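>>> what follows is a predicted structure for the sequence shown.
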Amino acid sequence: MTQPIRIHNDPGVILELLNLRTVFETRGGTVRAVNGISFYTRNDTVLGVVGESGCGKTVMAHSILRTVDPMGGKVADGNIFFRRKNGEVVDIASLPSEGRQLRSLRGSEISMIFQEPMTAFSPVYTIGQQIMEVITLHQKIPSRQAKAKAIEMLGRVSIPKPEVRVDAYPHQLSGGMRQRAMIAMALSCQPKLLIADEPTTALDVTIQAQILELMVALQREFEMNIIMITHDLGVIAELATDVVVMYLGSIVEKAPVGEVYSNPKHPYTKALQESIPRVEGSVSKKLATISGSVPSAKNIPPGCPFHPRCREFMQGQCDVHVPTLETLSADHTVACWLYGGGE
Amino acid sequence: MLAYLLRRSVWMLVTIVLVSMLSFILIQLPPGDFLSTYIAQLSASGQQVDAAEVAALEARYGLDRPVYVQYAMWIRGIVTRGDFGQSFQWNRPVSDLIWERVWFTVILSGASFVFSWVVAIPIGIFSAVRKYSVGDYLFTFLGFIGLSTPNFLLALVLMWLLYINFGVSPGGLFSQEYIDAPWSLAKVWDMLQHLIVPVVVIGTAGTAGLIRTLRARLLDELNRPYVTTARAKGLSAWKLLIRYPVRLAILPFISTVGWVLPQLVSGGIIVAIVLNLPTVGPMLHRSLMSQDMYLAGSFILIISVLTVIGTLVSDLLLAWLDPRIRYE
């Protein structure tokens, strides 16, 4: 079944993945980390990608920047259409690995921030040097100007005394400050798309809230799109406009954030909802969990990948046929046999 | 920083004093001294030894005094007059004998050091980046051969190969006609030609270990998150490699810079003897055998001074290259 390619017809779409497959060839077999996913994201949105550890969300993110290649992964199939600043649409999946065109996108039009602010900076260069590097790489400006720009960016992410901190080494900053500096670095070339891979997971809760607030504010200010990858539904609720739920390398549900919370369709999304600890209600009630654990991506179950853990499993259907994404309403799609998908 | 330098200098001085004392005592520990060995040699060849003459010699060299007085006299001579004492065996002032050899040793160890880094670093990087490739296995194989071949054997083989193919006899550091000639460009050129074999031989010994260590260190660094961050900035593969993982993988090697000299002096003696090199090693070896104590003591003193300075330099270098290290 061919899916419509929206990005060519709708200038509001800036990224569209079509049937993307990313695999890792290992001695133990082929790991299908991303197993045929399609979605698109529109201008000025924050797309939340949720799923358990190992569902392929991080690999999906690294596939978009093709930083998955040096990790031993390979975009085996599918397209990653991206609308550049000049309006041109490129298929990132077809660009040569580590080639010039790919590198001109990285850091300049698509940026990425990571989970571990402790280790995401090189310890031997100052924060300023590392920010200036990305600026001078993509914009032909003298280093004095780049430094001024770096200081300005550090100020924009609310780092106090940016003109002093610009010369600080990463180990001289706290975790929260480092993550702010990371955001400053990612935004220093005004990218159109920011991919944030669990940016707050390593931080404590109060710092988490500050960083999320900052990201919301910057998203509006810079008019960019954010893909927020997380396992934390609370983060999604705070930030996202749309949500993609991933399970074992596939998308099981995509919907606006309100729909996901008020009207989840897929049994996996429902189960995730129920496993969020709630402040109100009876304390003695045991927190709901999802039975079983995530199977290995080397050995994806036949049919619907979620069927061994599903409460609404239908013998002979779910374990045999793969459900495809079914459109329920304009923005709400789900891959589940309960909703008749697949024809 | 200045306070740190000052404190380090004081400790360096203490270290040097202790090393010189210890080595002076150690040299004198075996029974007898140079004179008794000398007298025994004379008697063995049937010559008469005059007791008065022996006493005069003892008095002249201070051998009838206790060890600590001898040591004090020796150090005072060095500090006040730059006089390192007299070599018994050569019957010449020590300072006439050693300086040239010390410089040759420094030149040779410096050149071997540069050689092994220039060879090992690119190979180490290649081996890490192309892990388990044919090239990696080939270099690993060669490296282990290099590691397990005794240096002196390699020296002999290289000398033989050079002689067979080019007709040059690479023993020593100079050709016959230049040994006593004054310094000139031609003499330097001659020396450089002679340096090749010893530099390759001495350098190869460390190269294999260096390659393996760098490979392992770099493999650790290649998967660090900061490398992915840098890649996501759009850096080219080569710039990325050099500026990020290699820059960190290289740090531990900087701290080994200071060890180069003592390693060469103690480890390179056999090579120096085989290759007939005018370095410190063989002369130190001989002076220890004959209890030529001022000569041996002076060598050890100068080498320890150079080593302590080398260590300071490598520490400062490391502090400069790794901002996480800071001295209060």
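All right, it came through fine. Numbering: from 1, shown residues only, chains lettered A, B, ... in the order given.
>>> B:Gly172 against B:Pro278, yeah?
Yes: checked against Cβ atoms under 8 Å, the pair B:Gly172 and B:Pro278 is within contact range at 7.0 Å. The way it works is simple: take the backbone N, C-alpha and C, and place the C-beta from them, glycine included.
>>> how about A:Ala150, phi and psi?
A:Ala150 adopts backbone torsions of phi -60, psi -40, taken as degrees, to the nearest 10.
>>> give me the number of residues near it?
The number of residues packed near A:Ala150 is 29, by other Cβ atoms under 10 Å in any protein chain shown.
>>> residues of the biggest helix by length in chain B that come out buried?
For chain B, the longest helix by residue count, based on DSSP state H, is helix B:185-222. Across helix B:185-222, burial judged by 16 or more other Cβ atoms under 10 Å in any protein chain shown covers B:187, B:190-191, B:193-195, B:197-208, B:210-215, B:217-218, B:221-222.
>>> so what does that helix touch, helix or strand wise?
Identification of packing neighbours for helix B:185-222 by 3 or more Cβ pairs under 8 Å, 6 or more residues apart in numbering or on different chains; DSSP states H and E yields helix B:94-129, helix B:134-148, helix B:151-166, helix B:247-249, helix B:251-254, helix B:260-267, helix B:269-274.
>>> relative to A:His171, which of those helices is closest?
Nearest to A:His171, of all those, is helix B:247-249, at 13.2 Å by Cβ to Cβ.
>>> any low-confidence regions in the chain?
As the question left the chain open, I've gone with chain A. Applying pLDDT under 70 to chain A flags residues A:1-4, A:280-285, A:341-343.
>>> wait, I meant chain B there
In chain B, residues with pLDDT under 70: B:168-171, B:261, B:264-268, B:327-328.
>>> what does it put close to chain A?
Within chain B, the residues that sit near chain A (Cβ under 8 Å from any Cβ of the partner chain) are B:224-226, B:228-237, B:243-244, B:247-248, B:251, B:321-324.
>>> try 10 Å
Residues of chain B lying near chain A by Cβ under 10 Å from any Cβ of the partner chain: B:129, B:221-240, B:243-245, B:247-248, B:251, B:321-324, B:326.
>>> hang on, the earlier thing: quick one: the helices and strands packed on helix B:185-222 as CSV, columns for mean neighbour count too.
Shown next, in CSV, are the helices and strands packed on helix B:185-222 (neighbours: other Cβ atoms under 10 Å in any protein chain shown):
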stretch, mean neighbour count
helix B:94-129, 19
helix B:134-148, 14
helix B:151-166, 15
helix B:247-249, 20
helix B:251-254, 17
helix B:260-267, 19
helix B:269-274, 21
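>>> re the thing from before, for B:Gly172 and B:Pro278, list the residues in contact with both.
Residues touching both B:Gly172 and B:Pro278 (Cβ atoms under 10 Å, 6 or more residues apart in numbering or on different chains): B:Ile179.
>>> for the closest residue to B:Tyr294 other than its chain neighbours, what are its contacts?
Spatially, and ignoring its direct neighbours in sequence, B:Tyr294 is nearest to B:Gly85 (3.2 Å; Cβ to Cβ, 6 or more residues apart in numbering or on different chains). Neighbouring residues of B:Gly85 by Cβ under 10 Å, 6+ apart: B:61-62, B:70, B:73-75, B:77-78, B:93-95, B:292-295, B:297-298.
>>> strands - which of these land there?
B:Pro93 (DSSP state E).
>>> of all of the stretch 201-343 of chain A, which residue lies closest to chain B?
A:Ala202 (10.7 Å; Cβ to the nearest Cβ).
>>> next, that residue: secondary structure please.
Taken by DSSP: H, G, I helix; E, B strand; the rest coil, the conformation at A:Ala202 corresponds to coil.
>>> number of residues surrounding it?
Neighbourhood size, A:Ala202 [other Cβ under 10 Å]: 19.
>>> cool, and A:Asn19?
As a burial measure, A:Asn19 scores 15 neighbours (other Cβ under 10 Å).
>>> that one reaches A:Ser38, doesn't it?
Yes: here A:Asn19 reaches A:Ser38: they are 5.5 Å apart, a contact under Cβ atoms under 10 Å.
>>> how many residues are close by A:Pro305?
Neighbours of A:Pro305 using other Cβ under 10 Å come to 25.
>>> repeat for the one 10 residues further on
Taking other Cβ under 10 Å as the neighbour definition, A:Gln315 ends up with a count of 8.
>>> now A:Pro142
Using other Cβ under 10 Å, A:Pro142 has 9 neighbouring residues.
>>> distance from the chain centre to stretch A:67-77, please.
16 Å (Cα atoms, centre = their mean, to the nearest Å).
>>> can that stretch be said to contact chain B?
Yes: interface with chain B: stretch A:67-77 contributes A:67-71 (Cβ under 10 Å from any Cβ).
>>> span of that stretch from start to end?
Distance across stretch A:67-77, first residue to last, is 16 Å (Cα to Cα, to the nearest Å).
>>> which positions in it come out as buried?
Residues of stretch A:67-77 classed as buried by neighbour count (16+ other Cβ under 10 Å): A:67-70, A:73-76.
>>> list the contacts for the residue of the stretch 201-343 of chain A closest to chain B?
If you count contacts by Cβ under 10 Å, 6+ apart, then A:Ala202 has A:114-120, A:175-176, A:178-179, A:208 around it.
>>> and the helices in the stretch 201-343 of chain A, which stretches?
Counting by DSSP state H, counting those that start in this stretch, the stretch 201-343 of chain A has helices at residues A:205-222, A:233-239, A:257-262, A:267-274.
>>> residue of the stretch 51-200 of chain B closest to chain A, please.
Closest point on the stretch 51-200 of chain B to chain A, by Cβ to the nearest Cβ, is B:Val129, at 9.9 Å.
>>> excluding chain neighbours, what is closest to that residue?
Spatial nearest neighbour of B:Val129, chain neighbours left out: B:Leu241 (6.8 Å); criterion: Cβ to Cβ, 6+ apart.
>>> how about the helix or strand encompassing that neighbour: buried residues?
Element membership for B:Leu241 (DSSP states H and E) is helix B:237-241. Buried residues in helix B:237-241, counted by 16+ other Cβ under 10 Å: B:240-241.
>>> next: stretch A:107-122.
A:107-122.
>>> from these, which two are the most distant?
Comparing every pair within the buried residues of stretch A:107-122 by Cβ to Cβ identifies A:Glu109 and A:Met118 as the most remote, at 27.1 Å.
>>> do any residues in stretch A:14-22 lie close to chain B?
No: using Cβ under 10 Å from any Cβ, stretch A:14-22 never reaches chain B; the gap is at least 15.5 Å.
>>> spit out the contact partners of B:Glu100.
Listed by Cβ under 10 Å, 6+ apart, the contact set of B:Glu100 reads B:278-279.
>>> and the contacts of B:Gly85, which are buried?
Among the contacts of B:Gly85, the ones that count as buried by 16+ other Cβ under 10 Å are B:61, B:70, B:74-75, B:77-78, B:94-95, B:292-295, B:297-298.
>>> count of residues packed around the closest residue to B:Ile325 other than its chain neighbours?
The shortest distance from B:Ile325 to any non-neighbouring residue, by Cβ to Cβ, 6+ apart, is to B:Ala319 (4.9 Å). Residue crowding around B:Ala319 was assessed by other Cβ under 10 Å; the count is 16.
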